[in-house]
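Peer 1: Any chance you could fold what I've pasted below:
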Amino acid sequence: MSTILNYNLSPYGAVKGENVTLTLTITNPSNGKKQDNIRVSLQFDLDLTANSADVHPSSKEKSWSNAAQTTSSGVVFVIQPDDGVSLDPGKSVQFSFSNVSITDNNSIGKIALIEQVDGETHTSNLSVLKLQPKLDMVGYANPVKIGKGQSTTLFFTSNAASKIIIEPIGKEIKTKVQGNGQTFSTSLKWTPEVQSGDNYTSTYTLTAYNDAGDYFPFIINVYTEKPVISSFTAEPATDVSLDDDNAVTLSWETLYSNVTYLQPQYGGPILVANNGQQTFSGQQLKRFLRNSPNQSSLEFSLIVDNGDGYQHSSSISVELASARILYFKFKNPDLTYPIFAAKNAVDAIMQGGNGDDVPNTYTIDGSGGPLEQYLGGKTDVPQIMYFSPDKENIKAGEKITLNWVVQNISKMTLIPGNIDAPIDEEGKGGVEVTVTQDTNYVLTSQSGLTSTLAVQVTNSDGLEQGCQ
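Peer 2: Numbers count the residues shown, from 1 in each chain. Purely as a prediction, here's the structure:
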C-alpha cells in the first residue's frame, strides 16, 4: 500500500567516502486530511551509516520529536508530532540528518521508510545515489628554479586516486586510498637530467588514476638556470686601506651554482659554499702577495660554475695600507746592536754593515715599496741612529727624557705636540716629556725620515713596561 504522505530526500546523490547532510521533507497533500497521529520510522542501512551516535537529526519544528536506535541492519530514526500537533493539508515538516557517512562500495544507499498513519502501515524505500568522487591533482616544485646538478622536491596532492604515475621519471605511487574520495599527499625529491648548460625547462606530468579507469593529469615545470652571483661584498668596504693587523671579510650570495670558489689574484682557487663568507687576516693577505709584494691592492674573484663549462664571476679589490719602516736604529746609546721594525711589510731583510765604513741596510717590500734605510757607516744619507727614553719602568704621570742621535739631519720635529727637536753639533738631542698613558712618539726629519718609539707605562704593581 502506498504511503499517504509525500516524502522527499535531498540531495538525491552523494559522493562516496564523504559525510553529508540528508534532508527529509514530509508533506501532507493538499487534498489530504488533517493528520494528528503520525509515526514515521526511517531505517538507514549499513551502506549509509553505522552508528546512531554519529548522525545528528534536527528540525525547526520544535513540536516534533525524534528518537534513534541502532539495529543489526542499520540505524532507525522514529519521528512523530507531539500530542495535540497535526500536519494540515498542504503543510510540510522537515528533518535534517547530518554526518551521514556514504560508504565507498558500489551498492545503493537505501533508507527503508515505514509510515504509520491512522492505524495503517505503509512502506517504501528512499535511495541515495552514490556518486564517483571527483578525481583531481595539484602540485608544485620547491625550489622551482635550480642549477644544473641540483635537486628539487615535487609536492603533490591527489583526490580519489588509487595511483599516481610521474613521467618522464616512470615512477608509480600507490596511494592506498583505493578511490574512496580521500586525499593523498606526498613528495618526491628529484634531480633533473639536463643535457645543456643553457637554461632548460624540465616538464613532469603527474597523472592520477582511480579504480574506474578515470585519470587526471597535472603538469609541474622545473627550470634549470645558469648560475648567477646575487651579491659579493667586503667588510671593511673596498675603499678602506687595510693594515697587516686588520682583517677583511668577503661575503657572497649566489643562485643556481653547482660549484663556487674564490680565486685570489695570486695563488690557487679556494672552494667555498654557494652562500657564505670568509675572513682573511692581514698576514694571509700578505702571503698571497709573496710573488708581487709591492702591490697596493689584491683582487679576489668569486666564480660560480654549473659544472658544464659555464662560469660567471664578480671581482673585488682589497686596498692595502702602505708599507712603512717604524724604526731602524741602534739599541744602545754607544750606537751598537741594530734593531728594526716595519708595518705592512710583505718581506723584510736587514743586512749588516762592514765596520765604520759600510752602513747597515734595512729593506722592506709592501704596498708602495720597496723601501730602504741605512744605519751607521760613511754615508750622506739622513739617519736617526738612536731614539730612546732615559729610563724604563715608566709610571703614568712621570717625566722622562727622550734622547736621540742623528746623522746628516739639521732639523726635526717630535710628535705628538709638533715639538722642535734640538740637535747639537754631534747630532745628539733630547727633550723632557710627561707620559700619562701609552704613547707612540715619532721623530720626523725635513726629508720625511721617521722613527717611532712606543713608550708604555707601568700599572700600580710595576707590571707591563717597555720601549721600542
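Peer 1: and residue 414, how many neighbours?
Peer 2: Applying the criterion other CB atoms under 10 Å, we find 21 residues in the vicinity of residue 414. Backbone N, C-alpha and C define where each C-beta goes, glycine included.
Peer 1: pretty sure it contacts residue 421?
Peer 2: Yes - counting by CB atoms under 8 Å, residue 421 is a contact partner of residue 414 at 4.7 Å.
Peer 1: For the two, list the residues in contact with both.
Peer 2: Counting by CB atoms under 8 Å, 6 or more residues apart in numbering, the residues touching both residue 414 and residue 421 are 431, 443.
Peer 1: got the domain boundaries for this structure?
Peer 2: When the chain is parsed into structural domains using automatic domain parsing, the resulting residue ranges are 6-131, 136-225, 228-319, 324-467.
Peer 1: Throw those into JSON lines and include mean pLDDT, thanks.
Peer 2: Rendered in JSON lines, the data for those read as follows (pLDDT from 0 to 100):
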{"stretch": "domain 6-131", "mean pLDDT": "87"}
{"stretch": "domain 136-225", "mean pLDDT": "85"}
{"stretch": "domain 228-319", "mean pLDDT": "91"}
{"stretch": "domain 324-467", "mean pLDDT": "88"}
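Peer 1: Can you give the contact residues for the helix or strand residue 110 falls within?
Peer 2: Using DSSP states H and E, residue 110 sits in strand 109-117. When contacts are defined by CB under 8 Å, 6+ apart, strand 109-117 is touched by residues 3-5, 7, 9, 14, 35, 37-45, 47-48, 102-103, 121-130.
Peer 1: Could you export stretch 425-437 as CSV, keeping only the C-alpha atoms?
Peer 2: Listed next in CSV are the C-alpha coordinates belonging to stretch 425-437 (Å, rounded to 0.1, in the frame of the first residue of the first chain):
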residue,chain,number,x,y,z
GLU,A,425,126.9,69.6,16.7
GLU,A,426,127.4,65.9,17.4
GLY,A,427,123.9,65.1,16.2
LYS,A,428,122.6,64.5,19.7
GLY,A,429,119.5,65.9,21.4
GLY,A,430,116.7,65.3,23.9
VAL,A,431,113.5,66.7,25.3
GLU,A,432,111.6,66.2,28.5
VAL,A,433,108.0,64.9,28.3
THR,A,434,105.4,63.8,30.8
VAL,A,435,103.9,60.4,30.0
THR,A,436,100.3,59.9,31.1
GLN,A,437,99.5,56.8,29.0
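Peer 1: Give me the distance from that stretch to the chain's centre.
Peer 2: Going by CA atoms, centre = their mean, to the nearest Å, the spacing between the C-alpha centre of stretch 425-437 and its chain's C-alpha centre is 60 Å.
Peer 1: quick one on the thing from earlier: I'd like to know which of the contacts of strand 109-117 are buried.
Peer 2: 3-5, 7, 9, 14, 35, 38, 40-45, 47-48, 102-103, 126, 128, 130 (16 or more other CB atoms under 10 Å).
Peer 1: How much space separates the nearest residue to residue 36 once chain neighbours are set aside from residue 121?
Peer 2: Counting by CB to CB, 6 or more residues apart in numbering, residue 86 is the residue found nearest to residue 36 once chain neighbours are left out, at 4.8 Å. When CB to CB, to the nearest Å is applied, the distance between residue 86 and residue 121 equals 20 Å.
Peer 1: do the same with residue 352
Peer 2: Here the criterion is CB to CB. By it, residue 352 lies 131 Å from residue 121.
Peer 1: now do residue 184
Peer 2: As judged by CB to CB, residue 184 and residue 121 stand 47 Å apart.
Peer 1: With residue 344 instead?
Peer 2: Using CB to CB, one obtains 111 Å as the distance from residue 344 to residue 121.
Peer 1: Equivalent analysis for residue 36, please.
Peer 2: For residue 36, the distance to residue 121 under the criterion CB to CB works out to 17 Å.
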